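Sequence and predicted structure, then a few things I'm wondering about:
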Amino acid sequence: MKKFMNTAETMVAESVEGFVRAHEAFVVFGAERKCVRRRHLTSGKVALISGGGAGHEPMHIGFVGQGMLDAACVGHIFTSPTPSQIIAAIEETDTGAGCLLVVKNYDGDLMNFEMAIEMAGDRHGLDMIVVSDDIETSRSGDGRGRRGVAGTLIVEKILGAAAERGMPLAELKQLGEGLNTRIRSIGVALNGVTVPQTERTTFSLGPDEMEMGVGIHGEPGHARQPFAAADAIIGHLCETIIADIAVMPGTQALLFVNGLGGTPPAELYLAYASARRIIEEKAIPIERSLVGTYVTSLDMQGLSVTLALLTDEEIALWDAPVATAALRWP
């Protein structure tokens, strides 16, 4: 294993320190470095807090700033942040209107964020929205529901904009829950993930194989298939999404093609062109787009396709100004 690191044990702390120093205009460390928060908080606004294990960068710390998150907590690689980290983020960012916690649907994340709410709920107005956009886990039948993957970015952006406009906590939760039902994602990988602590890949593929339905923690997917041309791969992903989401007349869509860590931009844009053509052939108009590496699984060579069906209000919130390390538009 070759990685630009000193030791596996110090990699996350050193990486987060570099992130904060590189983006000092947007973020600072919270007390005892338990979270990364906005440099400038807005008094009286509901605070949005998220987090998860390291290895998914720029999610979530790259989404801290005006128009998105107020704070993010980073755990060890692919490991949930602790309740004490989450409570520290709550204490630092609650300016009077309470906090909404945006949580991906994984057992560890749910347990620790729920525990933080129990421990801090008597001092703060708190609520939680669970993101569950991954199609693959809904097909596995394990009863846990869909995982939260790349669609988390869309939820955080739209809720962040609504919070900036002064939407109260209960309405933000309602908006997020409705939005979550209209987002679907699925991923594909050409290799597994090399985890620094173990120095092994999470799964191995032959030279002519690919893995369909992968997660963002290096999990294998539902099927190992022969490698194919890009249009065939993207076609399978898009057809799976379209079959799983209710498209109503007048639907407006956001198409998000996300790199999982080791896929170059040229391939992501090729995949976007293919996905847009396939989806629009199904009479689903693409009104907004995002292409890039935002929700990663360390060095996985792969990508995910996300389709979000949005209302006029949600389109306007997506378009609202954002100023973070990873997303920025006026």
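Looks like it arrived, so ask away. None of these values were measured; they are calculated from a predicted model.

Just name the shakiest helix or strand of this protein by mean pLDDT.
Here the helix or strand of the chain ranked lowest by mean pLDDT, DSSP states H and E is helix 135-140, holding a mean of 72.

what are the pairing partners of the host helix or strand of residue 254, and which direction each?
Under the criterion of DSSP states H and E, residue 254 resides in strand 252-259. Strand 252-259 has its sheet partners listed here by DSSP bridges as strand 286-292 (parallel), strand 302-310 (antiparallel).

Now the element after the least confident helix or strand of the chain, going C-ward?
helix 151-164.

by how many degrees do that following helix and strand 252-259 diverge?
Put simply, helix 151-164 runs at 130 degrees to strand 252-259, going by axes from the mean of the first three to the mean of the last three CA atoms, to 10 degrees.

Buried residues, helix 151-164. List them.
151-164 (16 or more other CB atoms under 10 Å). From N, CA and C alone the C-beta is placed, and that goes for glycine too.

Let's have these in CSV, adding pLDDT and distance to residue 308.
What follows is these, written out as CSV (pLDDT from 0 to 100; distance: CB to CB, whole Å):
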residue, pLDDT, distance to residue 308
151, 98, 7
152, 98, 11
153, 98, 10
154, 98, 5
155, 98, 9
156, 98, 12
157, 98, 10
158, 98, 9
159, 98, 13
160, 98, 15
161, 98, 14
162, 98, 15
163, 98, 18
164, 98, 20
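
I'd like to know how many residues surround residue 307.
Using other CB atoms under 10 Å, the number of residues around residue 307 comes to 27.

Which of the three states applies to the nearest residue to it once chain neighbours are set aside?
Computed as CB to CB, 6 or more residues apart in numbering, the closest residue to residue 307 that is not its neighbour in sequence is residue 241, at 5.0 Å. Using DSSP: H, G, I helix; E, B strand; the rest coil, the structure places residue 241 in helix.

Residues contacting whichever helix in the chain runs longest, please?
Counting residues, the longest helix found in the chain (DSSP state H) is helix 265-281. Outside helix 265-281, the residues within contact range by CB atoms under 8 Å, 6 or more residues apart in numbering are 230-231, 233-235, 237-239, 242, 253, 255, 257-259, 286, 289, 291-293, 303, 305, 307.

From these, list the buried ones, please.
When the contacts of helix 265-281 are checked for burial by 16+ other CB under 10 Å, the buried set is 233-235, 237-238, 253, 255, 257-259, 286, 291-293, 303, 305, 307.

Please enumerate the helices of the stretch 1-150 of the chain.
11-22, 83-93, 107-120, 135-140 (DSSP state H, counting those that start in this stretch).

now these in a markdown table, with distance to residue 297?
Output for the helices of the stretch 1-150 of the chain, formatted as a markdown table (distance: least, CB to CB, whole Å):
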| stretch | distance to residue 297 |
| --- | --- |
| helix 11-22 | 15 |
| helix 83-93 | 21 |
| helix 107-120 | 15 |
| helix 135-140 | 13 |
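
which residues touch stretch 102-116?
Applying CB under 8 Å, 6+ apart, the contact partners of stretch 102-116 are 48-52, 69, 79-83, 86-87, 90, 101, 128-132, 144-149, 152, 155-156, 159, 176, 217.

Need the buried ones from those residues selected in ChimeraX.
Filtering the contacts of stretch 102-116 down to the buried ones (16+ other CB under 10 Å) takes a single ChimeraX command:
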select :48,49,50,51,52,69,79,80,81,82,83,86,87,90,101,128,129,130,131,132,146,147,148,149,152,155,156,159,176,217
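
on that earlier part again, return the most buried member of the helices of the stretch 1-150 of the chain.
helix 83-93 (a mean of 23; mean count of other CB atoms under 10 Å).

roughly how far is that helix from the heart of the chain?
Helix 83-93 sits 20 Å away from the centroid of its parent chain (CA atoms, centre = their mean, to the nearest Å).

pLDDT averaged over that helix, what's the number?
Mean pLDDT, helix 83-93: 98.

With stretch 239-246 instead?
Stretch 239-246 comes out at a mean pLDDT of 95.

hang on, residue 153 packs against residue 257?
No: with contact defined as CB atoms under 8 Å, residue 153 and residue 257 do not form a contacting pair (12.0 Å).

overlap in contacts of the two?
Shared contacts of residue 153 and residue 257, defined by CB under 8 Å, 6+ apart, are found at residue 290.
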